[in-house]
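> What would the 3D arrangement of this be:
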Amino acid sequence: MKKSVFNILVAILITVENQGDGVSDWNVSFASDSSGSIEMSPKGNSNQAYVVKYSTKITDPTERIITNKISDGKNLQEAKVSLIPNLLHKESGIIDVYKQTMEWSLTSILKILNESCDCS
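Predicted structure coming up:
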């Protein structure tokens, strides 16, 4: 977590300026269950902007929706992303022992989903 300043230069151009480490300004707790939830709350009132970066490890590769939620105590915002495991399907083809080669076929699952989707 980094303290940041957002500089609005023009109506559509915003720069982010790093203001140092902001971890000590927050209480951070992790869910005791296997949900992977993180709860963050400020240690005090502040007008300081923060940039929070995190990464996750997928432990359940089944298809599902992952939801991120954030609230300032008054407003709640959420973003959702679909997790579709195994985006590529790899299939072996003809093996040529003399040339020491093997054919492979790679198919994008997204292409299959789009072709089978009735998106109208």
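> Going by C-alpha atoms from here, please, whenever you check contacts or count neighbours.
Will do.
> What helix or strand is Thr62 located in?
Assignment of secondary structure by DSSP states H and E places Thr62 within no helix or strand.
> Sorry, slip of the keys, the one I care about is Thr67.
Going by DSSP H and E, Thr67 is in strand 64-71.
> Flag the shaky bits of this protein, pLDDT-wise.
For the chain, the stretches with pLDDT under 70 are 1-2, 4-14, 58, 61, 85-87, 109-120.
> at 50 instead, please
112-120 (pLDDT under 50).
> Ser24 and Phe30, how far apart?
Ser24 sits 16 Å away from Phe30, going by Cα to Cα, to the nearest Å.
> Sorry, wrong one. I was asking about Thr15.
Distance, Thr15 to Phe30, by Cα to Cα: 31 Å.
> Setting aside sequence neighbours, what's the nearest residue to Arg64?
Leu83 (5.4 Å; Cα to Cα, 6 or more residues apart in numbering).
> tell me the contacts of the spatially most distant residue from the centre of the chain?
Note on the chain: the largest C-alpha distance from the chain mean falls to Tyr98, namely 45.5 Å (Cα atoms, centre = their mean). Under the criterion of Cα atoms under 8 Å, 6 or more residues apart in numbering, Tyr98 has no neighbours.
> Show me what the strand holding Thr67 is packed against.
Under the contact criterion of 3 or more Cα pairs under 8 Å, 6 or more residues apart in numbering; DSSP states H and E, strand 64-71 touches strand 76-83.
> Show me what the helix or strand that the strand it packs on is followed by is packed against.
Counting by DSSP H and E, the next helix or strand C-terminal to strand 76-83 is strand 88-96. Here strand 88-96 touches strand 101-108, going by 3+ Cα pairs under 8 Å, 6+ apart.
> The strand it packs on pairs with which strands, parallel or anti?
strand 88-96 (antiparallel) (DSSP bridges).
> Give me the contact list for the strand it pairs with.
By Cα under 8 Å, 6+ apart, strand 88-96 touches Thr101, Met102, Glu103, Trp104, Ser105, Leu106, Thr107, Ser108, Ile109.
> top of these by neighbour count?
Ile109 (15 neighbours; other Cα atoms under 10 Å).
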